[in-house]
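J.: got a structure for you, letters missing:
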């Protein structure tokens, strides 16, 4: 067998051992778990404070929009970092620079729109 296939065999065995250990741990956990349901186990637990009132409360949509905006701008940072690290090795650097400014410009317009709508004000 060539070295090429031996490397894949090593990876395959590593994955196989990992899956076997995972299955063994899940099996042992299933065997040892307590199965008695009590009122204390079924109660809602929230930061050590006893829950008050109904469990269903309606949240303001602004919380969700704020979280979604965080995700969008966090993804933007995830796209900009690899671009910045590879920028020096790209042959047509000016075209890539213009594309990045267009990308950042679209995000700035989106941020201005969101700020104008007042969605970043916290209540």
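T.: Done, it's in. Keep in mind it's a predicted model, so treat the numbers as computed, not measured. Residues are numbered from 1 along each chain as shown.
J.: any idea where the strands of the chain begin and end?
T.: Applying DSSP state E to the chain gives strands spanning 45-46, 49-50.
J.: now the first one: mean pLDDT?
T.: Summarised as a single mean, pLDDT over strand 45-46 is 64.
J.: what do you get for the last one?
T.: Averaging pLDDT along strand 49-50 yields 66.
J.: pLDDT value on residue 21, please?
T.: At residue 21, pLDDT is 97.
J.: and what of residue 36?
T.: Predicted confidence (pLDDT) for residue 36: 83.
J.: longest helix anywhere in this protein?
T.: helix 3-32 (DSSP state H).
J.: that one packs against which elements?
T.: Contacting helix 3-32 under the criterion 3 or more CB pairs under 8 Å, 6 or more residues apart in numbering; DSSP states H and E is no other helix or strand. Every residue, glycine included, has its C-beta placed from N, CA and C.
J.: could you shift the numbering so residue one becomes 17, and keep it that way?
T.: Okay, residue one is now 17; in that scheme the one you just asked about reads as helix 19-48.
J.: what about stretch 22-32, average pLDDT?
T.: 91.
J.: ditto for stretch 94-107
T.: Stretch 94-107 shows a mean pLDDT of 75.
J.: now find how far off-centre that stretch is within its chain.
T.: 22 Å (CA atoms, centre = their mean, to the nearest Å).
J.: list the contacts of that stretch.
T.: For stretch 94-107, the external contacting residues (CB atoms under 8 Å, 6 or more residues apart in numbering) are 109, 112, 113, 116, 119, 120.
J.: name the residue closest to the centre of this structure, please.
T.: Of all residues in the chain, the one closest to the mean position by CA atoms, centre = their mean is residue 87, 8.6 Å from it.
J.: and residue 31, how close does it get to residue 24?
T.: For residue 31, the distance to residue 24 equals 10 Å [CB to CB, to the nearest Å].
J.: before we move on, what about residue 118?
T.: 42 Å.
J.: same deal with residue 111?
T.: Residue 111 is 39 Å from residue 24, by CB to CB.
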